[in-house]
Each structure stands twice: as structure tokens, then as C-alpha cells.
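Colleague: Got a predicted structure here, sequence first:
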Amino acid sequence: MANPWSGEVAISVNGTERVMKLTLGALAELEDRIEAGSLVDLISRFETGTYRSLDLMALITAALRGGGLPITETEVANASFDGGLNGAASAAARCLALAFAPPESVE
């Protein structure tokens, strides 16, 4: 079960519930992978809805790894998610928001 107080978000990958979490290592991996000047640029892409499929795939992969699942981008690219791509994007955006949210704002 995901704990939002520690930045965790639940996501169903291929019918199995998994936990996504953007740890410092996951954020470093994400920053290295994305073609943006910074994580702030990536956050802006999600806030404005201008993110790319590569951004989404990199974010989900890094967050699943941060949650303890050894998974590759290829596996994420071929996975099915509850709610389809909209469900995956929503979970990824929530994970990104929780990584930078002050503790008192977590619902």
C-alpha cells in the first residue's frame, strides 16, 4: 500500500499494484534522462500539459525504481496501466507533486 506521507503513489502495472516514489536517486536518474534543463522544467511540462511521452516514460520508470521495482524503460513502454495512459500520467504527475510538496499539503 502506498503511503502519500512519504511521497508514495500506487499504480497498477500489468494488473499488479506497484508503488512509485521519487527518491533522491530516482530524481537524479530522471534528471539525467530527460531532455530538459532541470527538474523544474519537467515539472513545468506536467503543470502545463506539454510533457512528452518520453518524459512520462522516464518519470514512471524512475519512480517505480525508487519504489523498489527493478524495471526498464522498455518494460514500462510495453506495460498496461489501469486507466490507460491518462491513469499513468495522473499517477506520475501526483508522484512528481508529492516529491516536492510540503508535508502539510499531502492529502
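Modeller: Here it is on my side, so go on. Numbers count the residues shown, from 1 in each chain.

Colleague: rest of the way, CA atoms for contacts and neighbours
Modeller: OK.

Colleague: Might you calculate how far the lowest-mean-pLDDT helix or strand in the chain sits from the centre of the chain?
Modeller: Scoring the helices and strands of the chain by mean pLDDT, DSSP states H and E places helix 39-48 at the bottom, with a mean of 83. Helix 39-48 sits 12 Å away from the centroid of its parent chain (C-alpha atoms, centre = their mean, to the nearest Å).

Colleague: How about stretch 10-21?
Modeller: 11 Å.

Colleague: Tell me where this protein has helices.
Modeller: 24-33, 39-48, 53-66, 73-77, 84-100 (DSSP state H).

Colleague: and residue 66, how many residues sit next to it?
Modeller: 21 (other C-alpha atoms under 10 Å).

Colleague: My error: substitute residue 84 in the last question.
Modeller: 11.

Colleague: Could you measure from it over to residue 11?
Modeller: Distance from residue 84 to residue 11, counting by C-alpha to C-alpha, to the nearest Å: 11 Å.

Colleague: wait, what's in contact with the closest residue to residue 62 other than its chain neighbours?
Modeller: Spatial nearest neighbour of residue 62, chain neighbours left out: residue 26 (5.0 Å); criterion: C-alpha to C-alpha, 6 or more residues apart in numbering. Counting by C-alpha atoms under 8 Å, 6 or more residues apart in numbering, residue 26 makes contact with 62-63, 65-66.
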